[in-house]
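Engineer: coords below, sequence missing:
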């Protein structure tokens, strides 16, 4: 138990301390809001305070009349007494992870305060409630209309405690994520004015961004989007071989544009090295790191790995739709953002590539398939983890990390079960009681969700479905039903029962094999469903002469079978989910049966693999 | 449907009607034309069915599925297995299916099936007929499904069947091949194990042919009453019954999602009129009325309609039938089958419960398998609130107080303590015990609404319920649709309420932790959140002089405050309680010596699983 906890911590440090975001939406049938941002901000690098103004063109595509608006003010989480502070004090967290918020001095705290908010030019009433700004509209925003929101804000960058802040553990000056007043999402479930509690991640709105950042001219900025004034800025952004015409001022204004994204992140440090790699004519990768982090050569090696990552992910999931991506040293582990990631950089080469791969993959599972991470964190973290196991071997040329394997996920899943940490995947991430329950839930159980689904529908159908999911739902906000419907359509199977058990309950799978007995015409093997959750069943029988037979027993609820090779596999009648046993009739007598193995490739979440196998 | 558990629930009241605007979700449509002929000596029937199926979905359909419910009543069926393996099977079923003789079993078989005139491949798989379409049905397209079927009426085991315990010949529910529902969650071909239904909206045209001595009660409006008689004819007019020993009854039912009928040679059939627009029919054997149970039921039903029309919204059809039949009480469109021989009050209570299902299920057609609590629980809630009105004819002045819900809350607490509770989001078929399923659907579903009244205020609850009915009638609302209505009506954010109370089994437990002398003649109070589920807090302070003060602490997640729904007590609104904080301190403006009593939720609407620590009293 203690050892396992340690093992878990190690993995957390390596991959999981990292987190991610995402969204998704639907084919034609579901409306989604739109928010186009224009931001201008000035950061004082001595006081760590910033001021700015923001204009949002907000399009209400909903059928609803909006009478209120809400903004996230994330930096306010880093104040004593905040929701996040309280959450860290009251959740069950066996890692011993400390809560530093309560000890922050005033100049170390975060702050974000809005003023002068107008909607279509009219001043509106606002109230600051921790990390949420509540707004009462003077004039409602009608269905299918747009509104112009304008405000000014001022803030203070906190010390980096979680994801964002100044002066992180590796000495990166600014990791500026979730730093601006960010309009809350409104969807078919209404407003998502979720106070920031740290566990649940983000759920933003699609739109185009235009951002001007002004700060000390010695700082190098890395950000979401495309720099518009590269020839004024230089710092590696200029066209190769061209002259930079930088204004001779103490500050520089950086102008970025980012089309069709749902967030805007930047980082700044005077000591950044900035290198680029042109993957092809349409995609350039950027790397920002301090020399210190490259003592191992990790950052020098990263571009080659990154190129391979793009190759394999695009081939498995689908095309990357933007022209650039930045790997930025910063933050507190690894966190995904639109067109970039902040990762801590003082790592060995493979370790760095591992984190980089996880965060990059979030571009697909969260930055493009933008699911509500608070409600469905497993759809980005879990899907990412699963696909990560599939791409690491290729990306890292055989150097995949041990923790990134289905076997490890299954181990964590069982540990979580045995310790009573599990809650259904349908639990809102902020509201899991136990930290491990939440982490093993969204990362590993989420990963197993896909792996087990691959077992149910078959390898080829599964990968086709994942691509179809991506192309159907990118730039939208998919939910668990949307995903499952894609897999149903691609497989022709009925799969509602799968989410009903695996997402909405913590019921578990446990099938068992009994010793063979003699029957008329051949041996008989009684299979038992000991767990509450039903699955289709596959059995591999080996005879004493080495011959093998494979049997496939679909579940009645599936209303069909996955593709199988009839030359090697015998399709048997459905196993009705209500029936606790199933009699398997073999072609040869009991004396010739050497082994009977259920789930022979260990692809399910069977809780007790030891009773899956009978050997002579 | 109704179960003995219903008796645990209190009955009580409040509400009024309105007009309609509809959210934009596609739904399929199935218009049925059927002709069936029943042989009352063999209990076998044959029929033809034409379904005009409109695929309003954006999806191309390559399969179809039908329910063949009667196949559940066969040895070795899914329903048989479920009842053999559940730790607490339904007492009406138990092992009865496993012991059926062939002539007692049910059967429903598809003989031929064409789609748009083309034969299609189909396979019988228990209670589901699986159909492979030769040509897909495209989005927006209409397909004509023609089927010939035959079947055998089982001995009445559960809901449907022949020769029930009270001697009713035929209780014909779920008797025909019924197209499975397809919605945004895909197909719903759930094998029948005895629980819930989820039908498709459409118009029905049904002709039933059987022995002319039988009186038929059914969904819909009889088209040929002057040929039939049996109490259907216009009063004082002659009946021209055709020659022969059989009669063909022709019913039409617009905008329903099922068609039920019952037949018995001994039925007495009487009708009364409600508000000139609605014929209320009663079908019962004389035996059942020997104490006047049914005769006395008749005027009572008018009051039930009054109540439900006001509290939820107008009943939209021109007929409703209370039919003796079935095995307890079960709701159908424009009709119910109920046992008729029991205690008077029991029959009346069942009639009320089943009638209320015309609102919560027959018109608000939720997927019962996934959200049984939205029909059973809401029905339980509304009938509990209507009890006083039925008894006295005057609405309850204040239905806030727990009164008739006390037993429901006690039942919930004991379920929690048993460790067998499962989340409301569990599919009805897949609960591990009947007990946990039953209480979730009926009890916790009723508490869901009653407690929501605590969160948003009783007026917003009452208005929201009516708006929900108005908005979602003739559709298929889900829990999010419901919650969005209450958000709109209250102006509060309520996502957290479903996230906890529907999707988890986390519980509420708040406590008055500390009451102490404060500074400057004030009293310092500390409240604690001991349970995982957060809630807003109504704290009523009673001072030694008998005056009372209500301190209201909104939950931060609500992003607002409910109106004071206890106007008799002056209210002070305090700062939000941050959901993640496990304690909250407040100051009473008077010294400790003047404080007599503190009580969290004096109205007892909060599903607090440890009520004892909600109260502090000066010793």
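Structural biologist: Nice, thanks for sending it over. None of these values were measured; they are calculated from a predicted model.
Engineer: secondary structure class of the residue in the stretch 251-400 of chain A that chain B sits nearest to, three-state.
Structural biologist: Proximity of the stretch 251-400 of chain A to chain B (C-beta to the nearest C-beta) peaks at residue A:375, 7.7 Å away. Every C-beta, even on glycine, is put in place using the N, C-alpha and C of the backbone. For residue A:375, the secondary structure call by DSSP: H, G, I helix; E, B strand; the rest coil comes out as helix.
Engineer: helices of the stretch 401-550 of chain A, start to end?
Structural biologist: A:406-418, A:435-439, A:446-457, A:459-473, A:480-491, A:496-502 (DSSP state H, counting those that start in this stretch).
Engineer: wait, does the last one contact chain B?
Structural biologist: Yes: for helix A:496-502, a contact with chain B is found by C-beta under 8 Å from any C-beta of the partner chain, at A:496, A:497, A:500, A:501.
Engineer: surely the third one and residue B:428 touch.
Structural biologist: No: counting by C-beta atoms under 8 Å, residue A:500 sits too far from residue B:428 to count as a contact (10.3 Å).
Engineer: common neighbours of these two, please.
Structural biologist: residue B:370 (C-beta atoms under 8 Å, 6 or more residues apart in numbering or on different chains).
Engineer: ok, and the closest non-adjacent residue to the residue of the stretch 251-400 of chain A closest to chain B?
Structural biologist: If the residues on either side of it in the chain are set aside, residue A:375 comes closest to residue A:428, at 5.8 Å by C-beta to C-beta, 6 or more residues apart in numbering or on different chains.
Engineer: what sits against the one you found?
Structural biologist: Contacts of residue A:428 by C-beta under 8 Å, 6+ apart are A:200, A:374, A:375, B:496, B:499.
Engineer: swap in residue B:510?
Structural biologist: B:527-531, B:535, B:537, B:600-601, B:606, B:608, B:613-614.
Engineer: in the stretch 201-350 of chain B, what residue comes closest to chain A?
Structural biologist: residue B:201 (18.8 Å).
Engineer: leaving out the residues flanking it, which one is nearest to that residue?
Structural biologist: In space, residue B:201 is closest to residue B:257, 5.3 Å off (C-beta to C-beta, 6+ apart).
Engineer: before we move on, back to that, and the buried ones among the contacts of residue B:510, selectable in PyMOL?
Structural biologist: Of the contacts of residue B:510, the buried ones can be selected in PyMOL as follows, counting by 16 or more other C-beta atoms under 10 Å in any protein chain shown:
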select buried, chain B and resi 527+528+529+530+531+535+537+600+601+606+608+614
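Engineer: format the contacts of residue B:510 as JSON lines; extra columns: secondary structure, distance to chain A and pLDDT.
Structural biologist: Formatted as JSON lines, the contacts of residue B:510 follow (DSSP: H, G, I helix; E, B strand; the rest coil; distance: C-beta to the nearest C-beta, whole Å; pLDDT from 0 to 100):
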{"residue": "B:527", "secondary structure": "strand", "distance to chain A": "14", "pLDDT": "98"}
{"residue": "B:528", "secondary structure": "strand", "distance to chain A": "11", "pLDDT": "98"}
{"residue": "B:529", "secondary structure": "strand", "distance to chain A": "9", "pLDDT": "98"}
{"residue": "B:530", "secondary structure": "coil", "distance to chain A": "11", "pLDDT": "98"}
{"residue": "B:531", "secondary structure": "coil", "distance to chain A": "11", "pLDDT": "97"}
{"residue": "B:535", "secondary structure": "coil", "distance to chain A": "13", "pLDDT": "98"}
{"residue": "B:537", "secondary structure": "strand", "distance to chain A": "16", "pLDDT": "98"}
{"residue": "B:600", "secondary structure": "strand", "distance to chain A": "19", "pLDDT": "98"}
{"residue": "B:601", "secondary structure": "coil", "distance to chain A": "22", "pLDDT": "95"}
{"residue": "B:606", "secondary structure": "coil", "distance to chain A": "18", "pLDDT": "96"}
{"residue": "B:608", "secondary structure": "strand", "distance to chain A": "18", "pLDDT": "98"}
{"residue": "B:613", "secondary structure": "helix", "distance to chain A": "18", "pLDDT": "97"}
{"residue": "B:614", "secondary structure": "helix", "distance to chain A": "21", "pLDDT": "97"}
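Engineer: any weak-confidence spans in the chain?
Structural biologist: In the absence of a named chain, this looks at chain A. Residues of chain A that meet the criterion pLDDT under 70 lie in A:1-29, A:97, A:397-403.
Engineer: please refer instead to chain B.
Structural biologist: Across chain B (using pLDDT under 70), the flagged ranges come out as B:1-24, B:395-403.
Engineer: leaving aside the residues adjacent along the chain, what's closest to the residue nearest the centre of chain B?
Structural biologist: Nearest residue to the geometric centre of chain B (C-alpha atoms, centre = their mean): residue B:375, 2.5 Å. Among residues not flanking residue B:375 along the chain, residue B:361 sits closest, at 3.9 Å (C-beta to C-beta, 6+ apart).
Engineer: distance check, the one you found against chain A.
Structural biologist: 20 Å (C-beta to the nearest C-beta, to the nearest Å).
Engineer: could you do residue B:455 as well?
Structural biologist: Taken as C-beta to the nearest C-beta, the span from residue B:455 to chain A is 15 Å.
Engineer: could you say which helix or strand contains that residue?
Structural biologist: Taking DSSP states H and E as the definition, residue B:455 sits inside helix B:445-456.
Engineer: same check on residue A:170?
Structural biologist: Residue A:170 belongs to no helix or strand, assigned by DSSP H and E.
Engineer: list the contacts of it.
Structural biologist: A:290, A:292, A:293, A:329, A:344, A:345, A:346.
Engineer: just to revisit the earlier point, right, and the pair among the residues of helix A:496-502 next to chain B with maximum separation?
Structural biologist: Comparing all pairs in the residues of helix A:496-502 next to chain B by C-beta to C-beta, the longest separation belongs to A:496 and A:501, at 9.9 Å.
Engineer: contacting residues around whatever helix or strand residue A:276 lives in?
Structural biologist: Under the criterion of DSSP H and E, residue A:276 resides in strand A:273-280. Residues from elsewhere that reach strand A:273-280 (C-beta under 8 Å, 6+ apart): A:220, A:222, A:235-237, A:284-291, A:294, A:299, A:303, A:306-307, A:310.
Engineer: can you name the next helix or strand after that strand?
Structural biologist: By DSSP H and E, the next helix or strand past strand A:273-280 is strand A:283-289.
Engineer: buried ones in that next one?
Structural biologist: Buried residues in strand A:283-289 (16+ other C-beta under 10 Å): A:283, A:285, A:286, A:287, A:288, A:289.
Engineer: same question, stretch B:89-107
Structural biologist: B:89, B:90, B:92, B:93, B:96, B:97, B:100, B:104, B:105, B:106, B:107.
Engineer: settle this for me: the fourth one is touching residue B:193, isn't it.
Structural biologist: No: assessed by C-beta under 8 Å, residue B:93 is found out of contact with residue B:193, at 9.6 Å.
Engineer: okay, now the residue of the stretch 201-350 of chain B closest to chain A: neighbour count?
Structural biologist: Using other C-beta atoms under 10 Å in any protein chain shown, the number of residues around residue B:201 comes to 17.
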